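S.K.: below are the sequence and a predicted model; questions follow.
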Amino acid sequence: MSFNPYVPRPIDRPTPVPLDDDTDLTTLDEAKIFSAPDDPARWPAWRAQLTRWRADARERIGYTGAHYDEITGDCFSVCLAWLWDETLYDHERGVFTVEAFLDAAERDFGGFDGVVLWHAYPVIGLDDRNQFDWYRDVPELPDVVRAFQARGVRVFVDYNPWDTGTRREPGGDADEVAALAGKLGVDGVFLDTLKEGAGELRAALDKVRPGLVLEGESRVPLARIADHAMSWAQWFADSPVPGVLRAKWFERRHVLHHTRRWHRDHLEELHSAWLNGVGVLVWESVFGVWVGWNERDRTVLRAMRRVQASHAAWLRAEDWVPLADHPGDTQVYASRWTHDGEPLWTVANTGGDHDGPWLVTEARPDERFVDLVTGAELTVT
């Protein structure tokens with residue numbers, strides 16, 4: 001690798017938000033995460049600038065969000081699985097084991113909303129078979145897709161634009177990807193190494209079925225949030241005070257999946273996902289290298305999954321207030337989400353042990369605040 005994946009590159013670092021009212025905010029268009037100020041007294045001005053940027057950016061590009069109206073269901077937690085992985089395929093019997101795979105996912109991670117069925121890299125190149133051949137050579141694949149979907153799990157195939165040295169197809173890649181998606185009946189396409197798949201590919205998929213999802217890798221361009229409903233937040237580095245994911249702030253229904261594939265500690269991604277109302281990618285077998293999740297992170301994700309399942313409407317609500325509360329000199333931060341007049345608080349402690357209130361807010365008598373991991377009721381003053 002040409003860089004150290006444990007050290008954020010400049011491109012991965014959060015973008016500061018100018019707090020002067022007359023500042024040109026178009027510089028924020030390409031941010032991954034909007035950095036938050038250290039001083040809580042500056043948070044209201046910071047939120048006001050984010051609101052101003054969002055309104056201006058949506059007007060500049062004529063944003064409508066119509067594509068999101070075509071998509072049903074939620075996809076917070078996604079797993080990347082190899083077709084030949086022993087957790088998904090029994091090599092001795094020669095059968096796929098989707099039920100056992102999903103049962104283990106329920107036990108370990110609280111289940112998955114989606115799965116990317118990876119097929120080619122790193123085995124492609126052994127012969128002249130191209131990326132589409134590697135999918136075609138699995139005759140059971142349509143049944144595998146249906147088995148996942150029967151359990152409520154969306155299925156994605158991946159597109160490798162770098163596959164140029166193998167056998168060529170008569171048609172272009174866009175048509176082949178669309179044909180594959182239609183034949184298998186999948187829910188979307190993961191764009192390996194691509195931030196976007198606009199133009200030909202989007203048009204080809206729309207002919208197959210409205211609502212097919214394109215998920216880009218890394219930072220989705222502002223103009224493509226309109227037709228790319230998901231994106232990988234790969235190696236996104238947050239500020240010390242948790243910031244806001246640009247794509248999620250722009251379109252509350254856009255789903256990002258935090259991932260740092262070589263890390264064995266995922267707490268930073270989980271904190272950011274929890275406070276931003278987005279998801280994560282679980283990727284334990286990385287090109288044949290086992291990078292398993294530790295039990296603490298699995299436990300946190302299982303707890304998050306319960307709320308994501310029961311309160312998804314809150315996590316995509318327009319009424320979202322990041323850094324809405326902060327109990328004094330601590331590293332405890334909260335987002336507030338309001339749906340149908342009812343608030344939901346997502347709270348994270350990014351520091352060490354904390355003995356004291358998690359929120360300083362005016363709670364109604366019937367409101368309860370519970371630690372997702374321990375189940376203990378939290379003090380509210």
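M.R.: Arrived safely. Residues are numbered from 1 along each chain as shown.
S.K.: how close does the residue nearest in space to the middle of the chain sit to Val98?
M.R.: Nearest residue to the geometric centre of the chain (CA atoms, centre = their mean): His257, 1.6 Å. Counting by CB to CB, to the nearest Å, the separation of His257 from Val98 is 21 Å. For glycine as for every other residue, the C-beta is placed from the backbone atoms N, C-alpha and C.
S.K.: with Thr72 instead?
M.R.: On the measure of CB to CB, Thr72 and Val98 end up 22 Å apart.
S.K.: so between the two, which is more surrounded?
M.R.: Val98 (22 against 6; other CB atoms under 10 Å).
S.K.: tell me the confidence at that one?
M.R.: For Val98, the model assigns a pLDDT of 98.
S.K.: Asp69: neighbour count?
M.R.: Asp69: 11 neighbours (other CB under 10 Å).
S.K.: using the three-state scheme, assign it.
M.R.: helix (DSSP: H, G, I helix; E, B strand; the rest coil).
S.K.: how about Val155?
M.R.: Assigned with three-state DSSP, Val155 falls in the strand class.
S.K.: that one and Phe112 touch, don't they?
M.R.: No - assessed by CB atoms under 8 Å, Val155 is found out of contact with Phe112, at 10.5 Å.
S.K.: between these two, which is the more surrounded one?
M.R.: Comparing Val155 with Phe112 by other CB under 10 Å, the one with more neighbours is Phe112, at 25 against 21.
S.K.: Leu359 contacts Val347, correct?
M.R.: Yes - the criterion here is CB under 8 Å, and Leu359 meets it with Val347 at 6.6 Å.
S.K.: Phe3 versus the residue lying closest to Pro122 once chain neighbours are set aside, what's the distance?
M.R.: Nearest residue to Pro122 in three dimensions, chain neighbours excluded: Phe287, at 5.3 Å (CB to CB, 6 or more residues apart in numbering). Counting by CB to CB, the separation of Phe287 from Phe3 is 16 Å.
S.K.: next one: Tyr333
M.R.: From Tyr333 to Phe3 the distance is 29 Å (CB to CB).
S.K.: likewise Thr193?
M.R.: According to CB to CB, Thr193 stands 15 Å off from Phe3.
S.K.: between these two, which one's more packed in?
M.R.: Thr193 (13 against 10).
S.K.: how confident was the prediction at the more buried one?
M.R.: For Thr193, the model assigns a pLDDT of 93.
S.K.: please apply the same query to Gly171.
M.R.: Confidence score, pLDDT, at Gly171: 86.
S.K.: just Asp265 next, same as before
M.R.: Reported pLDDT for Asp265: 97.
S.K.: break down the stretch 51-200 of the chain into its strands, ranges please.
M.R.: Secondary structure of the stretch 51-200 of the chain by DSSP state E, counting those that start in this stretch: the strands cover 77-82, 89-90, 95-96, 114-118, 154-159, 188-191.
S.K.: parallel or antiparallel, list what pairs with the fifth one.
M.R.: Spelled out, it's strand 154-159. strand 114-118 (parallel), strand 188-191 (parallel) (DSSP bridges).
S.K.: which parts of the last one are buried?
M.R.: Translated: strand 188-191. Residues of strand 188-191 classed as buried: Gly188, Val189, Phe190, Leu191 (neighbour count, 16 or more other CB atoms under 10 Å).
S.K.: quick one, the following helix or strand past that strand and strand 154-159 angle?
M.R.: Once the chain leaves strand 188-191, the next helix or strand it forms, by DSSP states H and E, is helix 200-208. The directions of helix 200-208 and strand 154-159 differ by 140 degrees, with axes from the mean of the first three to the mean of the last three CA atoms, to 10 degrees as the criterion.
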